[in-house]
Every structure is written in structure tokens, then in C-alpha cells.
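Participant: whatever this is, show me its structure:
(one chain, ligands or ions: 1)
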Amino acid sequence: MHGLMMDRPLLVADILTYAEDMHRASGVVSSTVEGGRHYQSYPEMAARCRRLARALRALGLGPGDRVATLAWNGYRHMELYYGIPGIGAVCHTINPRLSGEQMGYIVNHAADRALFVDLTFVPLVEKLASQFPADLTYVILTDAAHMPDTSLANALCYEDLLAAQDDDFAWPDLEETTAAGLCYTSGTTGNPKGALYTHRSMVLHALMVGISMQGSMRPGQRVLPVVPLFHANAWGTAHAAPLTGATLVMPGPHLDGAAVFDLMHSERVCSAWGVPTVWLGLMQEIRSRGSIPQGFAEVVIGGSAAPTAMIADFEDRGVSVCHAWGMTEMSPIGTLGHLTPDYDDTPAAERLALKSKQGRRAFLVELKIVDEDGTALPHDGEAAGELFVRGPTIASAYYNDEAATAAAFDAEGWFGTGDVATICAQGFLSITDRAKDLIKSGGEWISSLDVENMAMAHGHVANCAVIAVPHPKWDERPVLIVVPSVDDPDPDSIRAHLAGHLAKWQLPDDILFVEALPLTATGKVSKLTLRRAYADHRLPQTD
Ligand code: ADP
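Facilitator: This is a model prediction of the structure:
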């Protein structure tokens, strides 16, 4: 028997319209690329989004078109987050930290029709433009006064485009399964893969984050996503804040500890979200100034495991830590580490141990751990297995990539995360290892396979393996372990060879020579053995 409720679609534009109607005093504060701070209420933002919608249509963009962004966290990027899907197009956020090769692949794979780019990244785009589709429309996210001299063909000025339109625009009715956003992850081996979010998944994810983070996601509170809009929906903040009435405080390109501290302090940010590396910088600042930013009450740490010492440091200073785990493919929130009042009487050491785990599943996210045969393991805190997830905010396939899709999902349609985990009886997830062969440095992925393939092309390398070595600032850094093919291998020459193919931050911090690599039972290089053997390796830069 079917129920009899209206089948109205869940649409991203409804979040914006709701914020405009109901959260008039809240909005977006931005530390801008041009310098200075910019304040915009949600009603002002909604009006500019309507101008943007008209401008996009005037550029000939419409339903299904992929419209890319290459931008920091700021109000114009937020407008793109709503204006692009609002007309039925797909907002494709590009991570500027990817290598030029990966960026070229992504723009072509997505078949982007337009690219909205921050001033900072104009030189980068100029270098890559020959790899991009010839008819790509470039829009620079600035006003006429700051338009740069650029070699980009017919580059347009964002503020001029908006000024040419009025804000009289009615958001069209769309099917809720229409694609709204596209974000490529390099979080698995091989080419980057696209997670293609729907309006429905975005709205459900916003609701999920809103109800999970009620302490900060509400009117009168200010939330700072240091986690970028170009990475997995800034963990849902871009949608949850307007929905719930929290004000967003956007750092723009200013991400060092001092800048983040000053912004948080002067804007009374209560909740800040980002990867551990960012919080190391802020913590240093807190220590040297002897106080936390005024109003700072909550920090959401994810993207990599939050070190227990960092959690303790924040909590000792009165900042509640929420350790979160997720993936781009999951919109991205999977688990959140708040402790409910049930744990109020739990001894401090035990609370700290619980907070060091990755948290408990969010509403709409199902978790299972399985052994090598795919058999489900008990949630007893002991059994460790590969973690699979299912839910309406989780990708059902990769965009236009059948091989990657086939490799990622099990027969029942669960998505394999590539993380190895335990889940305890109370539901706390603990990531114990990674099945995927990757290094996560400062929240960004480095594919060990890519680096190995390139290293193998060097004449001095007979065999090699790249592993992650713990790093105090970046969480992990790559180290290249080489079985040389010559008597006097030259690390500098190998390094120079790699530098020709990789972004600087993807280069190994150290190159070590060994006689042989340890092998597993099936004859593969045992990364696990290597990682354990070099867990205490001191990197040259660290010394
Ligand atoms: P994000 O960086 O937003 O979490 P990615 O898709 O880039 O998304 O990376 C997801 C992967 O990052 C996870 O599969 C996991 O390996 C790692 N990860 C994310 N959060 C944590 C965490 N809290 N602890 C340990 N690993 C994490």
C-alpha cells in the first residue's frame, strides 16, 4: 500500500530559499583573496545566486552542464554552490592541490563547459589551459578593478556578469535525483574518480549534519570550515549552515595558524572544521598567545586520524573535539565522535580513548566490516575487517568509470571504503589500517602506485615501494624504498626524475636503498611489513 504524502523533490535551492526566508540575520563572512573581509547575509546571498543563475543561462549553460570551480572558501564560491545546481547544472569543484596532469584529466573527463577561478589560481590555469577543452569558458572570481592581465581566452569577470543581470529568477522544479555536484577523489589508486552527488543526497546530507551538530549548527552560532569547499562539500558545512541558520566564516586563502586564530577570534567562531595538520598550526598559535580564540567551543577533526595528544590538548583548553570520519564518496560524513550525556560519568581517560576513535555512524549511514571472504564480522571492538558502507548519501557508482565502479562495490551494493576497522558494541568505529595503497599528507592523497611507477622508469631502480611514514605536521609523508639496479645509485637523479612528473608536495621526503623488499605470501611487496619497519624512521626535514 502506498502512502499518500506529496512527492515533492528535495532540492539544493530549497536550502537557499529557506535560509533567505528564515535565517535573515545569518550569512557568510569571508576573508577575501583580494584582501579584507566581506559580509553577506543569506538574503543577500540568495539574491546574488539568482543573478548568477541568470548569468549562467546567458552564457548558454543549462541542465546537465558541468561547471567547474577552482576556488578557496569564500562567498563567491558559496554562490556557485547554489547557483549552478539551481539551474540543473552540475557544480564540479576542483582541488587546486592536484597535479597538473590530474587536473587535466579531471576537466576533460568531466567535460567541463566553464571554469570559475579565483585570482590565486589564474597563473595555474594559464599553464594548464592547453590541456583543457578548447571551448571552455573562463570566469575570474573577482571584480573589474582586480581583473588580471591574463592569457586565458576571453576571460570574463564574475562581478560584471552578475551586475549585468537582475535578481528576478524563479528556481526551476527539478527531479531530486538530478546531479547537483561532482567531486573527484584521488583517494584510491589509479585515475581520480568522480562522486556525482544528487540534489536529494545533498539535502539529506545537510539534514544529517544539521541534526548531528546541533551545538553549532543553529542560528547565532558561527562555523568556520577550514576544510575547503573544493573537497567533499566542505564536509557538509556549505549546506548545513544555511539550512540551520548558522553563519559561515570563510578563511579564503589564509590558512596558517595565525590567520585562522585572528579570524576565529575576531568573528567569534564557535566551531571550526578541518584536518589535523591545520590544528597543529592553530595549536601552536594558541600556545604562543596563551589563550584560545574567543568563543571557540568545538573543533571537528577528520580527513586523517586525530592524534590523541591533540584531542587531549583541545579538551584541556575547553574545546570539545568531534573526531569525524568520512569519504568524498559519502558526501562525505560517515561517523562523528561526539560523546552523548550517557558518557558524562565515564572516567576522563576512557572518554579520551573513545574520542580518539572515529566516532559513531551518522543517521542514514550503515556500516559493516567483513573478512577477506566478504563475511560480516561482529561489532565487538575486536574483529577487524574491511569497512563497507551503504546509504542515500553514498555514491552508487563512479561517474563514467565502469572499471572503478566494479572494483568498489560488493554484490549487495555496499561501497568498499578501503579502510580496515573495528566497531565496538556501543557503535564506535576505529580505523586500524588502510587496505588502499595511499599516503595521506595534510589531508591530501598521494598515490604510492603513481610514485612507484614513475620511479621504476628511472635507470637506477630495479624495484621499489613507496610507503607512508608518520610525520608530526603532515600526518604522513611518502618515503621511497629502492632496490637499486646499479652499484652507485644516485638519489638526486631519481628525485629530479620524479620532480618532472609530480607536484612538489607529492615527492618522497626520503629515498632509501635496500637489498630486497619484503614479500607477502602471494609474492607481493608487503607494504604492511615495510610500514612497520619504518614507522620510526626520521625524515630528513624533521631533523
Ligand atoms: P576526506 O579527506 O574528506 O575524509 P577523502 O575521500 O579524501 O575524504 O578521504 C577519505 C579517507 O580518508 C578515508 O577512507 C580514510 O582512509 C581517511 N580518513 C578520513 N577521516 C579519517 C579519520 N578520522 N581517521 C582516519 N582516517 C581518516
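
Participant: run through the residues that contact the residue of the stretch 51-200 of the chain found nearest the ligand.
Facilitator: Closest residue of the stretch 51-200 of the chain to the ligand, Cβ to the nearest ligand atom: residue 187 (3.9 Å). C-beta: built from backbone N, CA, C; applies to glycine. By Cβ atoms under 8 Å, 6 or more residues apart in numbering, residue 187 lies in contact with 327, 328, 418, 436, 438, 445.

Participant: what's around residue 53, how many residues?
Facilitator: Here the number of neighbours of residue 53 (other Cβ atoms under 10 Å) works out to 27.

Participant: that one contacts residue 168, doesn't it?
Facilitator: No - judged on Cβ atoms under 8 Å, residue 53 makes no contact with residue 168 at a distance of 10.4 Å.

Participant: picking up where we left off before, which one of the contacts of residue 187 sits closest to residue 96?
Facilitator: Closest approach between those and residue 96, by Cβ to Cβ: residue 445, at 14.1 Å.

Participant: picking up where we left off before, doesn't the residue of the stretch 51-200 of the chain closest to the ligand fall inside a strand?
Facilitator: No - assigned with DSSP: H, G, I helix; E, B strand; the rest coil, residue 187 falls outside any strand and is coil.

Participant: state the pLDDT value of it.
Facilitator: The model reports residue 187 with a pLDDT of 70.

Participant: could you measure from it over to residue 166?
Facilitator: 42 Å (Cβ to Cβ, to the nearest Å).

Participant: would you map the helices across the stretch 51-200 of the chain?
Facilitator: 75-86, 100-110, 122-128, 158-163, 199-212 (DSSP state H, counting those that start in this stretch).

Participant: what's the most buried one of those?
Facilitator: helix 75-86 (a mean of 27; mean count of other Cβ atoms under 10 Å).

Participant: which residues touch that one?
Facilitator: With contacts defined as Cβ under 8 Å, 6+ apart, helix 75-86 is touched by 12-13, 15-16, 28, 30, 38, 40, 45-46, 48-50, 52-53, 56, 67, 69, 71, 90-91, 116, 118, 141, 158, 171-172, 178, 180-181, 199, 202, 229, 238-239, 248, 250.

Participant: list buried residues within those residues.
Facilitator: Neighbour counting with 16 or more other Cβ atoms under 10 Å marks 12-13, 15-16, 28, 30, 40, 45-46, 48-50, 52-53, 56, 67, 69, 71, 90-91, 116, 118, 141, 158, 171, 178, 180-181, 199, 202, 229, 238-239, 248, 250 as buried within the contacts of helix 75-86.

Participant: which ones among the residues you listed map onto strands?
Facilitator: Under the assignment DSSP state E, the buried ones among the contacts of helix 75-86 contribute 28, 30, 40, 67, 69, 90, 91, 116, 180, 181, 248, 250 to strands.

Participant: please tabulate these in CSV, including the columns distance to the ligand and pLDDT.
Facilitator: Output for these, formatted as CSV (distance: Cβ to the nearest ligand atom, whole Å; pLDDT from 0 to 100):
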residue, distance to the ligand, pLDDT
28, 21, 98
30, 22, 98
40, 26, 98
67, 22, 98
69, 17, 98
90, 19, 99
91, 17, 98
116, 22, 98
180, 18, 98
181, 14, 98
248, 18, 98
250, 18, 98
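
Participant: where does the stretch 401-543 of the chain come near the ligand, residue by residue?
Facilitator: Within the stretch 401-543 of the chain, the residues that sit near the ligand (Cβ under 6 Å from any ligand atom) are 417, 418, 419, 431, 434, 440, 443.

Participant: which strands and helices sit next to the helix or strand the third one falls within?
Facilitator: The reference is to residue 419. Using DSSP states H and E, residue 419 sits within strand 415-423. Where contact means 3 or more Cβ pairs under 8 Å, 6 or more residues apart in numbering; DSSP states H and E, strand 415-423 is packed against strand 366-370, strand 385-390, strand 429-434.

Participant: swap in 10 Å and give it another go.
Facilitator: strand 325-326, strand 333-336, strand 366-370, strand 385-390, helix 402-408, strand 429-434 (3 or more Cβ pairs under 10 Å, 6 or more residues apart in numbering; DSSP states H and E).

Participant: show me the contacts for residue 502.
Facilitator: When contacts are counted by Cβ atoms under 10 Å, 6 or more residues apart in numbering, residue 502 touches 99, 100, 101, 446, 447, 450, 451, 454, 478, 508.

Participant: among these, name the ones in helices.
Facilitator: 100, 101, 450, 451, 454 (DSSP state H).

Participant: what's the most distant pair in the residues you listed?
Facilitator: Top of the distance list for the ones in helices among the contacts of residue 502 (Cβ to Cβ): 100 and 451, 15.9 Å.

Participant: next, the nearest residue to residue 300 once chain neighbours are set aside: phi, psi?
Facilitator: Nearest non-adjacent residue to residue 300, counting by Cβ to Cβ, 6 or more residues apart in numbering: residue 273, 4.1 Å away. Per-residue torsions, residue 273: phi -120, psi 130 (degrees, to the nearest 10).
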